[in-house]
Every structure is written in C-alpha cells, then in structure tokens.
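>>> model this:
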Amino acid sequence: MPSEFQEKLDSAWEESLPGQSSLPLADVKDMLDQVGIKLPNHKVRDIVQDLKNKGETEGEFLTKAGFEKLCQALTEEDVTKTFKTSKQHDKDAEKIEGEMGTKHTVLNEEQAAFADWINNNLEKDTDVAHKLKLNDAGSDMYEKMDDGMLLCKMINLAAPDTIDKRAINTGKNISIFKQHENLTLAINSAKAIGCVVIGIDSHTLNSSQGKKWLVLGLVWQLIKMYLFKQISISNVPGLINLLMEGEDISDLMKLSPEQLLVRWVNYQLDKAGSTRRIKNFNEDIKDSEIYTDLIAQIAPKDAGVNKFAMKKDDLTERAEMMLEQAEKIDSRAFVTARDVVRGQDKLNLAFVANLFNNHPGLDPPEEEIDIIEETREEKMYRNWMNSLGVKPRVNYLYSDLYDGLVIFQLMDFIKPGIVDWKKRVKTLEQQSKVQAKRFQEVLGNCNYAVELGKKLNFVLVGIGGSDIMEGNRTLTLALIWQLMRAYTLSLLSQLNSDGTPIVESEIINWANMKLQEGGKNISIKSFQDKSNKTALPIIHLIDVMKPGVIDFSIVNQGEKISGPDCLSNAKYCVTMARKIGAPVYALPEDISEVKHKMVMTVYASLMLADMN
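Here you go, the predicted structure:
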C-alpha cells in the first residue's frame, strides 16, 4: 500500500477511532469514504457480507489490519471484479439520511417480519387491541409506537415483569406528555434488561423524527431477547448433549445463544445422518438442504413432514416447500422463501431460534446435573454492561471478563482516557496465537486492569490480575460492583456545576432535602435504613420530583407492611423511577430486601434524573 495512502488511513483511523483496534462493521462505509474510496451502499454491504462469510471479521468488527487489507484489495483491483454485488437489497430497502450525512437502511423484509411477530404475540392484549393488527408491510409500526405502549408490552414479553403494568399509561388517546412518559419508561426498562439504546430518547423514537432505523434496531433487540430467553440449560437441560469432548457445563455457559443454536443445528444434522454442518445463518442455509434435514429430524413422528423439497432444483421453490414443512410443526415464522435464498442473517437466526423453542429435540440428561444458575445480581451486572454497548456482548460474567477488555471499556466510560489502549492493552487481534504467550498477554491485561482500578480508588485488597483471568466469583463481583458504583457516581459528577466528585453522603442529603421541601414526613439515615424495605421513601421522592405522577391508591402504606406488599411497592417504584427518567438497573427485590449497594444506585439514578 502506498505510504501516502497509509498515512491517510492512519490519520482517519486515529481521528475516528482513537485508541481502538477494531472498526464496527456498520461504520465500514464511513471509514472508506474518509480514506477516499467512494462506493455505493449496496456494494459496501456485499463487501462486508463477503468478509463475514470468509471469516475475516471478528463478530461485528473488522480489525485495523483487516481494513488495511480491504483497502489494498479495493485500490488494486476493479471492485466490480473483486466482489459479487447485488442490487436486490437496494430495491427492497428504504434509504434514510441521518445526521452528519450518514445513511441508514431499513430493510422491508425485516420490517414485515417484525410486524408479523408483534401481531402474533400481542393480539390478545386488550391494552393495545386498538393498534393491531399492523399492516403486512409493517410500515405503520412507527406511528403506532409513538405512545410507547407497544414497546412497553414488548419489553415484558422479552423479560417478563420488567415493567409494572400499573405504571403504563393506557388508552386510545393519551396526551403527548403521557406518551413521552411511556417512551421514557420503555427506554430505561430496555436498558435495564441489557438492550443498547445509546442515542435514543423519547423524542428520537417519535415517528415524526423519521428515525425508523432506531425503532427497528430496538424492536430487533427485544425480539431476539424474547427468542433467546428459553435457550439456557435451566430451561432445556438437554442442551448438555451439545457439549464437545473435554467440556463441562461451565463451557456451555460461556457460549452465546447464537453459538448454542449453531451447535444445536449441527447436533441434529449429525443425528439425521447428514454430512452438512453450518457456521452461520446466511451463506450456509441458502439452499434449504440443512433446513429440510433439520425440520425432518426434530418434527414429531405424526406431523407428516417430508423431504420432497430436496427434489426441487429452483432454490426459491425448494425454500417454499421447506417452509411448508415448518408450517406443519407450527414453526413457519420470520422468513419468506426469498429471505432463505438470500441468506437474510437476522431473520434466519430468528427462524432457527423459533424452531429450537418449539421443538428442541434434545433428550434430558440421564443423570441429574448441577445446573449453574445465574444469580439475580450477576444478571443485573451483565445487563448493565451490555446496555452500555460493550464489545463483545457479555453472556457469562466469569468467562467474558477474563481478558480485561470489557473491563477496560467500562473504565473508559467512567474516566475517559484512563486506558492506554496503544501501549498497555493487548486486544484480541493483537494477542499471540501461541498459547503460552497469549496466557502472559491476557494476564498482563488483567494486571493492568487492577492497576487502573487502584487509580480509580477502588478497594482491591487481595485482588490480583489472575483472579479476573480465572473468573474468581467473589473477587470478580467485588470489582464489578465498584465499576458500577464508580460509573453511577461519574454520571452525577459530570452534571455537577464544578465537576467535583459526588460522594454517597451527598446523595442521602439530596434525597432528604427533596423530601423535606416537598412536605413529606419521611427521611432516610442511610442506604441500609430499614424504611427502604417498604419503598415508601423512594415513592415519596418520585412524587416530589414529579408531583401527581404517583397513584397512591395502589401504594401499600401503614405501620406494618407485609413482605409481599413491600415487594409490590418496590416493583411499582422501580418502574415509576424509570418512567420519570431515572436509569435504574436495580431490581424490586434489591429494595424490599434492602440490598444497600443497589439501593444506593436507585437514589443516585433519581438524583441524576433530577439534575438532568
């Protein structure tokens, strides 16, 4: 590559991705533009797909070395010869111009498939009956989501009981103010269950803004979460059958739902006597052969499923016949024959997840197994990290933090610039292929994470880099809690007029002052204060912050409140806090059981909403 071009590339990279070693695939077009390689959107999409198919990407990222190699290929050869392109997506997609000239694509087939899912899953919900059904194209989805009701309902499908139904503003004609409340509630609740909602607020979600890609992106995250929630050993103990030689249950815990589904498909193909195997949900499934074998293998014997699709030479006709077999086992969803033939990634993933949920076809283990259940605390921490958009997505705390890379990203959120990405961090693509050397590099990362933790004034007595690398439960949780606490307090400090750090005693003083100013005869001495068990101090604080928002007719009050009534109050107060703009990750049980650390984050989130 000419040195002139290399300098241009290095400069563009440093400007756009300072300290980063990878480029999100969504930004490949922008980066190509910056280095002077102008290509139409459909060509870039095909190029990215080609890179994925060849295994030259890392998840949804392209390394700098990979990007340089791509630029070299594009400058040396005629792009039209180097990559096969198709304009079909352009015909079936809506192009929307975003801010700063960025282009966003809304694929019509995704829009239609997601609308179909919403229709099927919410058709019996009386609160939204007046909105359904969405039209077949799904084009009216955005307008019908303006009041936030559909999104709130979808969140409760993805993660049941996340939103207290009593807090949702319902009705056919609710005011703009109430609509914004619902949307704010939906956004903060989506964050709490691990959705990435960066750059989204109640205004950007409104259909008048025309930001369909944001709505569709959130809808996809919720549908995926709904489909994936069953794919765990606690729900399907038969997943134990997918263990490879030398693995144990903890190895399964480390796998993402997508990876488990790939294993599941290959396991069923093996049982069916097929020699085919898949690595992805695009190229590998286009000819419908794998689907035909899979459906025949998992279908109940009396379902009447056949493999006649294999006799069809035309791929679209074959896909249609295959989908007719899926229909016989009530699993025709998300994809059309054309989506299969074109290898539409998201929709094929959803199709396979739906097949698994309906017909896992996995024998239960012969012996009782010790299932590793994720605790409430672990899940909450994982959701917090994922909502910030860390890469890769965290599936299991004790394995996915082992190399320090997610921890570094969190520390950069807390104190931007604290991580020396260039000199001190070994990213995945920089790590050696030699196991012994890679071990030392990962340990070096983890030791550096502990070093930075001390700079952030974390209490890390007895915690070494090896504890992070080995996934020591107690010590890892101690570190994660301090990361979350520091993150929460850093948000408050940013809003402080002089930027000085906020300490916990200031949060208590703020809460008591607010309660006093609002004429409330209640206060707290500390976050351990037993009155927090009833959730009443928090409920009254919310009422002071947004007078009239609390419906006291459903709040349990009095001298002695029972345990179930305390939990009912806590459920209501968590949802109401999110509704008025507080990014609460804590769970109702954290309040009713007075888990003082998490109680602190609730008050801090309310203070943050008040300062905003």
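>>> Which residue ranges of the stretch 251-400 of the chain form helices?
Ranges of helices within the stretch 251-400 of the chain are 257-271, 289-298, 315-328, 337-341, 345-358, 376-387, 397-400, based on DSSP state H, counting those that start in this stretch.
>>> Kindly reformat those helices as a markdown table containing distance to residue 561.
Glycine gets a C-beta too; all of them are placed from N, C-alpha and C. Compiled in a markdown table, these are given as follows (distance: least, Cβ to Cβ, whole Å):
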| stretch | distance to residue 561 |
| --- | --- |
| helix 257-271 | 40 |
| helix 289-298 | 49 |
| helix 315-328 | 51 |
| helix 337-341 | 53 |
| helix 345-358 | 39 |
| helix 376-387 | 22 |
| helix 397-400 | 34 |
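>>> Which one of the ones you listed lies nearest to residue 209?
helix 376-387 (21.8 Å; Cβ to Cβ).
>>> does residue 450 sit in a helix or strand, and which one?
helix 435-455 (DSSP states H and E).
>>> Same list, the helices of the stretch 251-400 of the chain, but as TSV with mean neighbour count and mean pLDDT please.
Shown next, in TSV, are the helices of the stretch 251-400 of the chain (neighbours: other Cβ atoms under 10 Å; pLDDT from 0 to 100):
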stretch	mean neighbour count	mean pLDDT
helix 257-271	19	96
helix 289-298	23	96
helix 315-328	20	94
helix 337-341	20	94
helix 345-358	22	96
helix 376-387	19	93
helix 397-400	19	88
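>>> Determine which of the ones you listed approaches residue 507 most closely.
Minimum separation from residue 507 across the helices of the stretch 251-400 of the chain (Cβ to Cβ) falls at helix 376-387, 18.3 Å.
>>> tell me what that closest one is packed against?
helix 176-192, helix 397-400, helix 473-495, helix 588-592 (3 or more Cβ pairs under 8 Å, 6 or more residues apart in numbering; DSSP states H and E).
>>> which helices and strands sit right next to the next helix or strand after the third one?
To tie it back to what came earlier, the one meant is helix 473-495. Heading C-terminal from helix 473-495, the first helix or strand you meet, by DSSP H and E, is helix 504-517. Here helix 504-517 touches helix 536-545, helix 596-611, going by 3+ Cβ pairs under 8 Å, 6+ apart.
>>> Just the CA trace of the shortest one, in CSV.
If I follow you right, that is helix 536-545. Taking Å, rounded to 0.1, in the frame of the first residue of the first chain, the C-alpha atoms of helix 536-545 are listed here in CSV:
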residue,chain,number,x,y,z
LEU,A,536,-42.0,4.4,50.6
PRO,A,537,-39.1,6.9,50.9
ILE,A,538,-38.4,6.3,47.1
ILE,A,539,-42.0,6.5,46.1
HIS,A,540,-42.5,9.8,48.0
LEU,A,541,-39.2,11.1,46.5
ILE,A,542,-40.6,10.4,43.0
ASP,A,543,-43.8,12.1,43.9
VAL,A,544,-41.8,15.2,44.9
MET,A,545,-39.8,15.2,41.7
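>>> Tell me what angle it forms with helix 596-611.
Helix 536-545 and helix 596-611 are oriented at 10 degrees to each other (axes from the mean of the first three to the mean of the last three Cα atoms, to 10 degrees).
>>> Return the set of buried residues in whichever helix or strand comes after helix 536-545.
Downstream of helix 536-545, the first helix or strand assigned by DSSP H and E is helix 563-579. Across helix 563-579, burial judged by 16 or more other Cβ atoms under 10 Å covers 565-579.
>>> mind listing what's buried in the helix holding residue 450?
For helix 435-455, by 16+ other Cβ under 10 Å, it's 441-450, 452-453.
>>> what does it rub up against?
402-405, 407-408, 411, 418-419, 424-426, 430-432, 460, 463-469, 479, 482 (Cβ atoms under 8 Å, 6 or more residues apart in numbering).
>>> Pull out the buried residues from those residues.
Neighbour counting with 16+ other Cβ under 10 Å marks 402-405, 407-408, 411, 419, 425-426, 431, 460, 463, 465, 467-469, 479, 482 as buried within these.
>>> What about the residues you listed, which are in helices?
The members of the buried ones among the contacts of helix 435-455 that map onto helices under DSSP state H are 405, 407-408, 411, 465, 467-469, 479, 482.
>>> picking that back up, between the helices of the stretch 251-400 of the chain, which one is closest to residue 560.
helix 376-387 (26.2 Å).
>>> any chance of the buried residues of helix 435-455 in CSV, plus pLDDT and distance to residue 395?
Shown next, in CSV, are these (pLDDT from 0 to 100; distance: Cβ to Cβ, whole Å):
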residue, pLDDT, distance to residue 395
441, 92, 22
442, 92, 18
443, 94, 22
444, 93, 24
445, 93, 19
446, 94, 19
447, 94, 24
448, 94, 24
449, 94, 20
450, 94, 23
452, 95, 24
453, 94, 23
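>>> Let me know the closest of those residues to residue 122.
Closest to residue 122, out of all of the buried residues of helix 435-455 and judged by Cβ to Cβ, is residue 449, at 43.5 Å.
>>> for the buried residues of helix 435-455, which one is nearest residue 525?
Nearest to residue 525 among the buried residues of helix 435-455, with distances taken as Cβ to Cβ, is residue 453, at 29.9 Å.
>>> roughly how far apart are that closest one and residue 166?
Computed as Cβ to Cβ, to the nearest Å, the residue 453 to residue 166 distance reads 41 Å.
>>> now do residue 123
According to Cβ to Cβ, residue 123 stands 23 Å off from residue 166.
>>> can you check residue 609 too?
20 Å.
>>> picking up where we left off before, the helix holding residue 450 to helix 473-495, inter-axis angle?
50 degrees.
>>> Residue ranges in the chain under the pLDDT threshold?
1-4, 40, 76-102 (pLDDT under 70).
>>> ok, residue 277 to residue 264 distance?
Applying Cβ to Cβ to residue 277 and residue 264 gives a distance of 12 Å.
>>> Also residue 179?
41 Å.
>>> same thing with residue 180?
Taken as Cβ to Cβ, the span from residue 180 to residue 264 is 42 Å.
>>> how about JSON lines for the helices and strands packed on helix 504-517, with mean neighbour count and distance to residue 495 added?
Listed next are those as JSON lines, based on neighbours: other Cβ atoms under 10 Å; distance: least, Cβ to Cβ, whole Å:
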{"stretch": "helix 536-545", "mean neighbour count": "22", "distance to residue 495": "15"}
{"stretch": "helix 596-611", "mean neighbour count": "22", "distance to residue 495": "4"}
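>>> closest one to residue 214 among those?
That would be helix 596-611 among these, by Cβ to Cβ, at 21.7 Å.
>>> Check which helices and strands that closest one is in contact with.
Using 3+ Cβ pairs under 8 Å, 6+ apart, helix 596-611 sits against helix 473-495, helix 504-517, helix 536-545, helix 563-579, helix 588-592.
>>> now the angle between helix 376-387 and that helix, please.
40 degrees.
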